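> Mind looking at a prediction? Sequence and model below.
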Amino acid sequence: MGDLHKYKLPIIWIVIALSLGLACLFFTRTETPITPIAVLPEKPTFSQHIAPILLKNCLPCHRKNGAAPFSLESFSAVKKRAKTIARVTLARYMPPWPADPLYSHFIGEKVLSQIQIDMIQRWYKTGANEGPKIQFAYVPPLISRSTIRKPDLVVQFDSIALHEGDQDRFYIMKAHVQIPQDRVVSALEFVPGVYGLVHHVNGHLLLYRDGNKKKPKYANVTIDVSQPNQTYRFKALELEQDDGSLPERIHSAFNYLPGVEGIEYPNGIGNFTLSKNFAVVLNDIHYGPSDQEAIDHSVLNIFFSKNKPKRKTSEIMLGTNGRSKITPPLVISPNQISTHFTRYTIDADISVLTINPHLHQLGKSFLAFAIKPNGDTIPLIRINRWNFNWQYFYTFKKMTKIPAGSEIVAIAVFDNTTSNKSNPNRPPIEVRERFDTGGASMRASDEMFQCILTYTPYQTNDETISLEKNTP
């Protein structure tokens, strides 16, 4: 305990965390607050009682071309799976929403109240009756696989053939696009062609202004960088302007992880001007190990806006590849459960919009908070049971102010034992973040620990601005 001061984490946090293994203070499983007692109908019906629950909490994924493996867009489909629906909702396995609603709240929470769970149970046990006929469909209709609205422009990338037994594969993709005029963009939404196989995407935009780029020889180029001797083909991307200079780049203009849904901030926040001559670069797109034969045809949905850009957004990344180191280093021994933390002090007031925790398959739990200069704590996110398949970009309902001088702290627990059903290694082996093979830490079989915050510089009364209502 004598060396704990060198980590600079307040002693009280360290002592309690290590002595209790974070189990009691941070990571004890909690249940959703119970809705005030209500009288359940004797025989609930699908149309009157169950459909509204499914529309909000299930249909965003369980619909045609959605992230889930089957659709629930009709009563017959729901009736067929009534037993399963009752079982997984009772266990709170579904709907998937890893963030603890007792710690912090976000837009689009998919969390069932106890009365909703009881309603589903009684509906199933009393015969799963349909009730009055209704037209049951997700509203608004989803076009081009968007969870935002109908996109104004859809950028298509090359198709990738995936084969059963394939291991991690990494590609760099470019799509060069020309539109009639410069446009203001309010949102970018990457949508994978095959959910479950795209592990992550880091996407950039290259803006060619003032006629400095003629149409390239190849509008779409794909390089398989997981294969040896392919990096020499990078010049085939033709990213430079005609005079050899580099174009303006918007770094990490969009990203994707399993479960991520599109985000569109209101009132010009995060809007930017897209030049009429631009390129989208996926650097990179990572396909995890495949258990099926499939063709992935991913797209980028682009949404235009009449609102001029008002407030620029930026990112703070803690941990792997970020601004702060991980303590102790992210080396997870076999048959061990280990706790790691990372911390970063900000030097200006910021308003946080979105937070994205990121771990791999050994992740067990995650906690992030900020400690203000006066010692007060700002809760950010707590995930009691990490789920590798659902890694949302969680958007706060209102901007969250973190004042200058505050420390942002993230703590993660990793489970490298056989009790972790997601552990890819039987028996367990040492797992770590790796930087020795050109990005190998991105592999699902390695580990990462990141906490990414999207923010904008603080302005007076930001705490009162809702992020829920989108404007065209």
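Right, received. Where do you want to start? Residues are numbered from 1 along each chain as shown.
> other SSEs contacting the helix ranked longest in the chain?
Looking across the chain with DSSP state H, the single longest helix is helix 114-125. Other helices and strands packing on helix 114-125, by 3 or more CB pairs under 8 Å, 6 or more residues apart in numbering; DSSP states H and E, are helix 51-57, helix 82-90. (C-beta placed from N, C-alpha, C; glycine too.)
> between the longest one and helix 114-125, how big is the angle?
The one in question is helix 82-90. Taking axes from the mean of the first three to the mean of the last three CA atoms, to 10 degrees, one finds helix 82-90 and helix 114-125 inclined to each other by 160 degrees.
> and helix 82-90, which residues are buried?
Of the residues in helix 82-90, those buried by neighbour count under the rule 16 or more other CB atoms under 10 Å are 82, 85-86, 89.
> For the stretch 101-250 of the chain, give me the ranges with low pLDDT.
Applying pLDDT under 70 to the stretch 101-250 of the chain flags the ranges 137-144, 228-233.
> how about the strands of it, start to end?
Across the stretch 101-250 of the chain, reading from the start of the chain, the strands by DSSP state E, counting those that start in this stretch fall at 153-156, 160-162, 169-178, 183-191, 198-208, 220-224, 248-256.
> hang on, the earlier thing: out of the helices and strands packed on helix 114-125, nearest to K150?
Taking CB to CB as the measure, the helices and strands packed on helix 114-125 were each checked against K150, and helix 51-57 came out nearest at 19.0 Å.
> so how far is that closest one off the chain centroid?
In terms of CA atoms, centre = their mean, to the nearest Å, the gap separating the centre of helix 51-57 from the centre of its chain is 22 Å.
> Please apply the same query to stretch 75-92.
Stretch 75-92 has its average C-alpha position 26 Å from the chain's average C-alpha position, going by CA atoms, centre = their mean.
> Repeat that for stretch 194-205.
The gap between where stretch 194-205 is centred and where its chain is centred comes out at 11 Å by CA atoms, centre = their mean.
> and what of stretch 264-275?
Here stretch 264-275 shows a centroid-to-chain-centroid distance of 19 Å under the convention CA atoms, centre = their mean.
> Could you pull up phi and psi at the nearest residue to S104 once chain neighbours are set aside?
Take S104 and drop its neighbours on the chain: the residue closest to it by CB to CB, 6 or more residues apart in numbering is P379, 5.0 Å away. Geometry field for P379 lists phi and psi as phi -70, psi 130, criterion degrees, to the nearest 10.
> quick one, which of the helices and strands packed on helix 114-125 is nearest to A294?
Ranking these by proximity to A294 (CB to CB) places helix 82-90 first, at 24.2 Å.
> could you say what helices and strands the closest one packs with?
Applying 3+ CB pairs under 8 Å, 6+ apart, we find helix 82-90 packed against helix 114-125.
> Closest to the centroid, which residue in this protein?
Y392 (2.8 Å; CA atoms, centre = their mean).
> Could you check how far that one is from F190?
According to CB to CB, to the nearest Å, Y392 and F190 sit 14 Å apart.
> With E240 instead?
The span separating E240 from F190 equals 25 Å under the rule CB to CB.
> Compare these two and say which is more crowded by neighbours.
In this comparison of E240 against F190, neighbours counted by other CB atoms under 10 Å, the higher total goes to F190 at 24 against 16.
> can I assume that one is in contact with N202?
No. Taking CB atoms under 8 Å as the definition, F190 is not a contact partner of N202, at 9.8 Å.
> any shared contact partners between those two?
Residues touching both F190 and N202 (CB atoms under 8 Å, 6 or more residues apart in numbering) are N255.
> Mutual contacts of Y392 and F190, please.
Shared contacts of Y392 and F190 (CB under 8 Å, 6+ apart): V260.
> Low-confidence stretches in the stretch 351-472 of the chain?
Within the stretch 351-472 of the chain, the segments meeting pLDDT under 70 span 435-441, 469-472.
> Which residue ranges of it form strands?
Using DSSP E, counting those that start in this stretch, the strands of the stretch 351-472 of the chain run over residues 363-371, 377-383, 394-402, 407-416, 431-432, 449-457.
> Out of these, which gets nearest to P289?
Using CB to CB as the criterion, the shortest distance between P289 and the strands of the stretch 351-472 of the chain is 15.2 Å, found for strand 431-432.
> Tell me the strands beside the closest one, with direction?
Strand 431-432 pairs in its sheet with strand 331-332 (antiparallel), by DSSP bridges.
> Name the next helix or strand downstream of the strand it pairs with, please.
The helix or strand immediately downstream of strand 331-332 is strand 336-345, counting by DSSP states H and E.
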